[in-house]
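Trainee: here is a sequence with its predicted model. Questions after.
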Amino acid sequence: MSIDDLLKEGKLHHFKAKPEEIDKCLEIAKRDLSLAEKILKDDLDWCFSITYNAIFQACRAYMFSLGYRPAATEAHKTTFEFMQLTIEEPYKEMITYFNRVRKKRHKILYDEVGLVTRKEAEELLQMAQDFVAEIEKTLKK
């Protein structure tokens, strides 16, 4: 799979983002991290889901900065495919994990309650905080 493949399949589009669009994604990511921290003790499933959204928004900011955006269909899946193709090590392994989180988050939102353990929620939150900070630092370069 390559960026050209994603473009040919219609999963990805060229996109000239304005700086404020990229900033908005990062603002949403930071807002979601803050909220996830606040609800960690009350609702593990929602903490996990909100943390996932922070990761997704940071990925969108990164994607936008490189001149792309995902198609509406399978946007989350395509975003992580794109990230695997474009992000540097050591983040590729982290993106693989975030893609597994994407699948679990889907189950939490639509199928089951109580799937997330405290350890999972705490670990994801810590990883997300580090990841969002790294994306923000990368985009400022």
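Mentor: Yes, it's here. Numbers count the residues shown, from 1 in each chain.
Trainee: got the contact list for T79?
Mentor: F56, C59, R60, M63, P70 (C-beta atoms under 8 Å, 6 or more residues apart in numbering). For every residue, glycine as well, the C-beta is placed using N, CA and C.
Trainee: which of these has the largest number of neighbours?
Mentor: R60 (27 neighbours; other C-beta atoms under 10 Å).
Trainee: using the three-state scheme, assign it.
Mentor: When classified by DSSP: H, G, I helix; E, B strand; the rest coil, R60 comes out as helix.
Trainee: what residues does the nearest residue to it once chain neighbours are set aside make contact with?
Mentor: Spatial nearest neighbour of R60, excluding adjacent residues (C-beta to C-beta, 6 or more residues apart in numbering): C25 at 4.7 Å. By C-beta under 8 Å, 6+ apart, the residues touching C25 are Q57, A58, R60, A61, F64.
Trainee: quick revisit: specify which member of the contacts of T79 is nearest to R105.
Mentor: The closest of the contacts of T79 to R105 turns out to be F56 (C-beta to C-beta; 9.2 Å).
Trainee: find the least confident helix or strand in the protein, judged by mean pLDDT.
Mentor: helix 91-110 (a mean of 92; mean pLDDT, DSSP states H and E).
Trainee: could you list the residues in contact with the following helix or strand past it?
Mentor: Using DSSP states H and E, the helix or strand that follows helix 91-110 in sequence is helix 118-140. Helix 118-140 is contacted by residues 22, 26, 29-30, 33, 36-37, 40, 44, 47-48, 51-52, 54-55, 58-59, 61-62, 65, 91, 94, 97-98, 101 when judged by C-beta under 8 Å, 6+ apart.
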